[in-house]
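Peer 1: Sequence and predicted model, in that order:
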Amino acid sequence: TGSVTGGHTRVVERWINNAPEAQTHSVVILTPNKEVMKTLEFNTKAKNGKCIYFDKSLSIVEKALKLRELALHYEYVVLHTHMEDVIPTIAFGSEKFTRPVLLYNNASHMVWIGKSIADVVLDIIKDDTITKNKRNIQNSFFLGVPSKEIIYTKPDKKALRKKLGLPLDKKIIISSGSEQKYCIIGNDNYANIIQKLIDENTYCYIIGIKRNNEYWKTLEIKSNGHIVPLGYVNFDNGYMDYLSAADLYIDSYPMSGGTAIMDAISRGVPALALKTTDIQLDYFTSTSAYCETESEYIFKAKKILNDIDYAQKITSELQKSLDEYQSVIQWNKKVDKMLEKVPKTHSVRILTNETDFNIADDIAVLLNFMTDKNAFNCKSVLKRFIKQSYKDFVKFGINYSAIGIPYIFQLLSFKKSGLKTKVIKIFGINLFVLS
């Protein structure tokens, strides 16, 4: 699926843009949206290829057969797919197809399909324990995320702020991410942290949170317009201007960003990220801009905003790390090294004899809830139970045992940080809690 927003499309754009001129790169968009992806089309055309949009009316099988036929004309297949997409598995689940298939693991923490057809799994973090231990994938390669060219000259912030209608003489914080990345999870409420960074001389603008989001609209009023959800900002028309106009970029939380914070660093903007249960990239976690605690995060944010030398120190450290890990030169070296390890012929893995990793994982459960867009839409009875299940997870932890008839009468057993809890539930309502 292609989209003009989000890091997944940015990865594909930059992979192609960073590639040597002599190579040919084409992109197949299996489920196109209405938007035209101008940058992606421009990059593929510049690399002797094209964007191929499949008709939405095609069935899954028709798309799979068409994809297989197209892929026969290329040397490698690289999958940048959503977790639930079965089309590539159907297309390349036959050894009659011989081109090597590479799967870009952009959602290691989520449940995804495609292990059986991946000749190489491309991880975005080094030594990914989920890949090796939980998925039992041994044919992986650490590739990371491609960066834009790093710009070391300082932008004209005053001109950019004037263009965007931002305060000219105030401190500006920018954050960016889809709404679910800022979900409130138990006591993890990013809005509470942001409020501690704001004063009469400091504003925070969040790209990606809709202007009509009730919670954030209320927060904007409460903060006297100092915390502002901006909604969607076109990446090719305004997005980078907002980043370049900032005094500080803060990563989304409790789900981290990927290419967003990388873009800020590449524009010479100091950035901070707070430790999360989500995946965070190696180039960032190895720097002092990565904060283990909320107090450390708030202290460093305020210091960046009020100490020019410290802000420059953080910026220089981040740009140096990004250059060493993921610059265009380093990226192309990694790609070349990866291609040396790719099998010459595609093969399909038989998974029937494998033993699944059967221990429930807090991170997987948490993040699947966060990205379930319908989980909090309580218009039906079933969705009310989903919401209640989420509340139980936050309060009691993993539900490892359930006895009884769902939604009528159940005895549920939970475990959280070593503490076990039993809950008696009648018609979805918690009546007795035994710890």
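Peer 2: Right, received. Where do you want to start? Numbers count the residues shown, from 1 in each chain.
Peer 1: neighbouring contacts of the helix or strand containing residue 415?
Peer 2: Taking DSSP states H and E as the criterion, the element that holds residue 415 is strand 409-416. By CB atoms under 8 Å, 6 or more residues apart in numbering, the surrounding residues in contact with strand 409-416 are 392, 396-404, 420-426. For every residue, glycine as well, the C-beta is placed using N, CA and C.
Peer 1: among those, which are in strands?
Peer 2: 398-404, 420-426 (DSSP state E).
Peer 1: if we can go back for a sec, the strand holding residue 415 - what's its average pLDDT?
Peer 2: Per-region confidence: strand 409-416 scores 81 on mean pLDDT.
Peer 1: could I have it exported to PDB, CA atoms only?
Peer 2: Listed next in PDB are the C-alpha coordinates belonging to strand 409-416 (Å, rounded to 0.1, in the frame of the first residue of the first chain):
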ATOM      1  CA  PHE A 409     -19.300 -15.500  32.600                       C
ATOM      2  CA  GLN A 410     -15.500 -15.800  32.800                       C
ATOM      3  CA  LEU A 411     -12.700 -16.300  35.300                       C
ATOM      4  CA  LEU A 412      -9.600 -14.500  33.800                       C
ATOM      5  CA  SER A 413      -6.000 -14.800  35.100                       C
ATOM      6  CA  PHE A 414      -3.600 -11.900  34.400                       C
ATOM      7  CA  LYS A 415       0.100 -11.400  35.000                       C
ATOM      8  CA  LYS A 416       2.000  -8.100  35.200                       C
END
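Peer 1: That strand versus strand 398-405: what angle between them?
Peer 2: Taking axes from the mean of the first three to the mean of the last three CA atoms, to 10 degrees, one finds that strand 409-416 is oriented at 170 degrees with respect to strand 398-405.
Peer 1: what's the offset of strand 409-416 from the middle of its chain?
Peer 2: Relative to the chain's own centre, strand 409-416 is displaced by 31 Å; criterion: CA atoms, centre = their mean, to the nearest Å.
Peer 1: what's the nearest residue to residue 250 if we skip its chain neighbours?
Peer 2: Among residues not flanking residue 250 along the chain, residue 175 sits closest, at 4.8 Å (CB to CB, 6 or more residues apart in numbering).
Peer 1: quick one: contacts of whatever helix or strand the one you found lives in?
Peer 2: Mapping residue 175 onto the secondary structure by DSSP H and E places it in strand 171-176. For strand 171-176, the external contacting residues (CB under 8 Å, 6+ apart) are 161, 166, 194, 197, 201-208, 239, 242-243, 245-252, 257, 260, 264, 269, 301, 305.
Peer 1: got it, and stretch 125-133?
Peer 2: Surrounding stretch 125-133, the residues in contact under the criterion CB under 8 Å, 6+ apart are 105, 108-109, 121, 123, 137-138, 140, 142, 144, 279-282, 357.
Peer 1: if you set the cut-off to 10 Å instead, what comes out?
Peer 2: Residues from elsewhere that reach stretch 125-133 (CB atoms under 10 Å, 6 or more residues apart in numbering): 105, 108-110, 115, 121-123, 134-135, 137-140, 142-145, 279-283, 285, 325, 357, 361, 363-364.
Peer 1: Buried only: go through the contacts of strand 409-416 for me.
Peer 2: The neighbour-count test (16 or more other CB atoms under 10 Å) marks 392, 396-399, 421, 423, 425 as buried among the contacts of strand 409-416.
Peer 1: and of the residues you listed, the nearest to residue 73?
Peer 2: Nearest to residue 73 among the buried ones among the contacts of strand 409-416: residue 398, at 47.0 Å, using CB to CB.
Peer 1: Run through the bridge partners of that closest one.
Peer 2: In this structure, residue 398 has the following beta-bridge partners (DSSP bridges): residue 415.
Peer 1: Any stretches of the stretch 301-435 of the chain with poor pLDDT?
Peer 2: Counting by pLDDT under 70, the stretch 301-435 of the chain has low-confidence residues at 355-391, 393-394, 406-407, 417-418, 435.
Peer 1: quick one: the helices in it?
Peer 2: Secondary structure of the stretch 301-435 of the chain (DSSP state H, counting those that start in this stretch): helices located at 308-326, 328-341, 362-370, 381-396.
Peer 1: a markdown table please, covering the buried ones among the contacts of strand 409-416 and showing distance to residue 42.
Peer 2: Written out in a markdown table, the entries for the buried ones among the contacts of strand 409-416 read as follows (distance: CB to CB, whole Å):
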| residue | distance to residue 42 |
| --- | --- |
| 392 | 48 |
| 396 | 51 |
| 397 | 48 |
| 398 | 46 |
| 399 | 49 |
| 421 | 55 |
| 423 | 55 |
| 425 | 55 |
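Peer 1: Once you drop chain neighbours, what's closest to residue 410?
Peer 2: Nearest-residue entry for residue 410: residue 404, 3.9 Å, with adjacent residues in sequence omitted and distances by CB to CB, 6+ apart.
Peer 1: What of residue 244?
Peer 2: The shortest distance from residue 244 to any residue other than its chain neighbours is 4.1 Å, reached at residue 155 (CB to CB, 6+ apart).
Peer 1: looking at it, the one you found is touching residue 264, isn't it?
Peer 2: No: counting by CB atoms under 10 Å, residue 155 stays clear of residue 264, with 11.5 Å between them.
Peer 1: buried residues in the strand holding residue 415?
Peer 2: By 16+ other CB under 10 Å, the buried positions in strand 409-416 come out as 410, 412-415.
Peer 1: again, but for stretch 66-85
Peer 2: Within stretch 66-85, the residues that qualify as buried are 66-68, 71, 77-81, 85, counting by 16+ other CB under 10 Å.
Peer 1: same deal with stretch 145-161?
Peer 2: In terms of neighbour count (16+ other CB under 10 Å), stretch 145-161 has its buried residues at 145-148, 150, 155, 157, 160-161.
Peer 1: what does stretch 322-337 give?
Peer 2: Buried positions in stretch 322-337, judged by neighbour count with 16+ other CB under 10 Å: 322-323, 325-328, 330-331, 334-335.
Peer 1: Please apply the same query to stretch 89-96.
Peer 2: Neighbour-count burial for stretch 89-96, with 16+ other CB under 10 Å as criterion, is recorded at 89-93.
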